[in-house]
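Participant: I would like the atomic coordinates for the input below:
(one chain, ligands or ions: 1)
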Amino acid sequence: MDNPAAARQFMVESQLRARGIADERVLQAMRRVPRHEFVPDPYREHAYEDGPLPIGHGQTISQPYVVAVMLQFLQIKPSDEILEVGTGSGYVSALLADLAAEVFSIERQPALAQSARDVLAWLGYKNVRIFTGDGAQGLPDAAPFDAILVSAAASGVPPALLAQLREGGRMIIPVGGLDSQQLQLIQMVAGKPVISVHEGVRFVPLISGKVTSET
Ligand code: SAH
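Facilitator: As a prediction, this is how the structure comes out:
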């Protein structure tokens, strides 16, 4: 890749701003974080194209536009503590680290968790911690969170995650089956979750239980 910064600038203008992403902090974070560092070698030259890409273990790095939509919904403040479920490549973890004070991220596949840790450390992110485990349980020891971003599709909102959302906190999560999912935004208002349903998306499923294969 000749000029990743120029490719990112083009991505931000043509894929994000042109489609209505207007939050300048989100656009700036997406201009800064080097997505190509989170994409495995054979796909690296496609890192700034308009789609998801394989990252191994049957998983994908999310489409930049969908990531921007989710981040924009979360209205992250620099002082926020964030929980991410489904670290995958670590790309979204890096964006969250850029936007917030502290990021806790859970990934089910130990190998993906480790490679995300390695890239994030190499890029110098110091405010992200990656855990291996079932993200549907959240991280009770680090709760409550100002925002929760779930990068895998659930059949419903996991109750443990709701319980770990701070008053005034926001959660964005794809809800649905394999073929049809919608982003749900949940805001904790006066101790009650207020849910709104947004655009259709397609994420890999949120899988509960232990890892049984490393394919
Ligand atoms: N935002 C990530 C998306 C990765 S795909 C990126 O852009 O790279 C979703 C990830 O969720 C996969 O890595 C998958 O292994 C993970 N995952 C699925 N079920 C999970 C669970 N119950 N707990 C934690 N991670 C899970």
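
Participant: What average pLDDT does the longest helix seen in the chain get?
Facilitator: Longest helix in the chain, counting residues (DSSP state H): helix 110-122. Mean pLDDT, helix 110-122: 98.

Participant: can you pull the buried residues of that helix?
Facilitator: For helix 110-122, the neighbour count (16 or more other C-beta atoms under 10 Å) marks Leu112, Ala113, Ser115, Ala116, Arg117, Val119, Leu120 as buried. (Glycine included, C-beta is placed from N, CA and C.)

Participant: which residue is nearest the centroid of the chain?
Facilitator: Nearest to the mean C-alpha position of the chain, counting by C-alpha atoms, centre = their mean, stands Val92 at 4.1 Å.

Participant: returning to that earlier point: which of the buried residues of helix 110-122 sits closest to the ligand?
Facilitator: Leu112 (5.0 Å; C-beta to the nearest ligand atom).

Participant: can I assume that closest one is in contact with Ser93?
Facilitator: No: using C-beta atoms under 8 Å, Leu112 is not in contact with Ser93; the gap is 11.2 Å.

Participant: Could you pull up the residues touching Ile76?
Facilitator: By C-beta atoms under 8 Å, 6 or more residues apart in numbering, the contact set of Ile76 is Arg25, Ile82, Leu96, Leu99, Ala100, Asp146, Ala147.

Participant: circling back: now do the SS call for the residue nearest to the centre of the chain.
Facilitator: Look at Val92: counting by DSSP: H, G, I helix; E, B strand; the rest coil, its state is helix.
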